[in-house]
Structures are given as C-alpha cells and as structure tokens.
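In: Fold the following and give me the result.
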Amino acid sequence: MNHLIAYPLTWDDIELRANNTVGIYKIKNKIAVLSCVTYAAHVDDSKDYMHGFILTNFSTDFTNHGQIRLMDLDDISALDCELNEKDGRFIINTKKYKGYRKSLEKLIEVTDEELKVIGDAPAPLDNIYSDGKVYRFGNIEVYMHSAFIMACRETDSGKVIWKTKLGAYLYTDVDEKDGILYFGTDGMGGKFFAVNLSDGSIKYSYNTRGTSNFLYYKDYVLLSNEKNKPVLINRNDGTLYKKLEFDKFEITVYQQMIVDNDKLYAIAAKGNTAYAVCTDL
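Out: Alright, predicted model coming up:
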C-alpha cells in the first residue's frame, strides 16, 4: 500500500513576498529542502523587503521536521545558487552562476545547527544549458546541431555520424547506459527519449509535455508525466510500469526530486502552495 506524506513550505511568522526552492537533497541522514525567500521587514513606520535562506530538514519517513534559517541578507537569486557536498561538508554557493542580475556572492556552510557564512564565492560561471553542451562518449560526441536536431560526430575528425530530429528543445543533460542515450525535451510538446548511440535511431519516446529532470530507479525511469504526476516507465522499452500515489499534488516546473531507499521525495504544488512530498515507489 502506497503511503504519501506532504508538508507545506510556508512559515506563518514571516510575511512572504516570494518563495523559490533551490533544491531538495539528501544531507547526511535527512532529507532537506533549501528555500530562497523574500519577505517584508517592518522598521519603524517603513516597510522594506529582505532576503534569506530557510533549510527545512525531514526525517526520511517524513514524520519529523525542523528548520535552520539565515535571514536579513542582500538580494539572492535561487537560479544562481547551488548546494554541493565537498569533502563531507555541504556548501551553498549563492552565486554559482552569473545570472541576469547582481545578487549575494557568498559561500554558506550547512551544519546541524546553522547556516554559516564562511567566505566569498569564487567568480561566477556562465550557466551553459543542456542544449549548448557537448556530450562525449568514448571517441564520439553528441550535441545539438540545431534547435530540434541532435547529432553525433567523431571526436578526432569531426565527421558527422548521424542526425536525429527531436521536434523539441533539449532540456536535460544526455546520459548513456549500455549504448542508449537518455534525455528529456520540452517546448513544442516535450518527451523523454531513448536513442541508440550507434546510429541515432529512436528506441522509444514517452510523451510528458516536458521533461526537465529524470531519475533512474532499478530497471525503471522516474518521470513527471503530462499531468505533472510521477510515473515509472520501463527503461528498456518505455512502457508505463506504475503511476505513483500523489493525491492532488503536482510536480513543479523544475521537477525537483530525488530517490532514496524506495521513496520519492519531490517539490510539488497544490493550488498556490509549495510542498515537500514523500511517497513510496
């Protein structure tokens, strides 16, 4: 029997203007959601807007939760942030990418008790999107020849081996397993694809109306379907294996989700409220 638990990512003690999820992560033995918030701050008779981070921690069964905050910060862009593990430490880079506006440039360490600023962020990078990357597999490279056409060439000679029309924009990185390329597209009717690396023939495509993230689970691929609900499809042939219990929640546009110990943890929405959701696989 499937079991679903959802927790609203709202905070009654602050007057929220914006709430953007940076991501959902496994940090040590907990599931964590990092939120970038903008909120009203009242000083004397004036009202200003401040920014901060809220890290909400959950036990893996979602029965217990807590939170850590770092507030009263300069402008933050959730799209420019990144949280990574390095040498056993979990570090937030508030300005991993250049983005489109000036924002806070700091490194913040996530500890059990606090979010602690530990220094300045290194020079931000250009954010190269999936359709602008070149994916190397041995002595061949896969890349987008044009907006909707994927191509493959020899690394040394540059000779084009094949071209395949996808009919939509590449929205995920391209992964390879056992000679098959897996990736997602969006726009113009998005799909999840499995393509033969050897000749570019399409093994199968699964209609999702947009795939910006996918995960492997056993012999399956976890996707958000055309109704923004999580499903498992057979990785070998693309047939539907299972629709996961998700009640009236919908996976959000960035499809932020992780798998751990036979459970899906995802950022979802119901109405205008964001939730962290846990459901059995």
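In: thinking residue 231 is in contact with residue 221, fair?
Out: No. Taking contacts as CB atoms under 8 Å, residue 231 lies outside contact range of residue 221: 9.0 Å. Every C-beta, even on glycine, is put in place using the N, C-alpha and C of the backbone.
In: Settle it for me: which of those two has more neighbours?
Out: Neighbour totals were compared for residue 231 and residue 221, and residue 221 leads with 23 against 20 (other CB atoms under 10 Å).
In: Could you pull up the residues touching that one?
Out: Counting by CB atoms under 8 Å, 6 or more residues apart in numbering, residue 221 touches 182, 192, 214, 215, 232, 233, 235.
In: Tell me the one among those residues nearest to residue 51.
Out: Nearest to residue 51 among the contacts of residue 221: residue 215, at 30.4 Å, using CB to CB.
In: Check the closest one and give its pLDDT.
Out: In this prediction, residue 215 carries a pLDDT score of 98.
In: Please apply the same query to residue 171.
Out: pLDDT for residue 171: 96.
In: Residue 15 too?
Out: 89.
In: just the helices in the stretch 1-150 of the chain please.
Out: Assigned by DSSP state H, counting those that start in this stretch, the stretch 1-150 of the chain shows no helices.
In: List the contacts of residue 265.
Out: The contact partners of residue 265, taken as CB under 8 Å, 6+ apart, are 24, 31, 58, 257, 258, 259, 276, 277, 278.
In: scratch that, residue 19 is what I was asking about
Out: Neighbour list for residue 19: 9, 10, 35, 36, 37, 38, 274 [criterion: CB under 8 Å, 6+ apart].
In: before we move on, the earlier item: now distance to residue 169 too, for the contacts of residue 265, in a markdown table please.
Out: Shown next, in a markdown table, are the contacts of residue 265 (distance: CB to CB, whole Å):
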| residue | distance to residue 169 |
| --- | --- |
| 24 | 24 |
| 31 | 31 |
| 58 | 34 |
| 257 | 21 |
| 258 | 24 |
| 259 | 25 |
| 276 | 29 |
| 277 | 27 |
| 278 | 31 |
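In: Go through the residues you listed and flag which are in strands.
Out: Among the contacts of residue 265, the residues falling in strands (DSSP state E) are 24, 31, 58, 257, 258, 259, 276, 277, 278.
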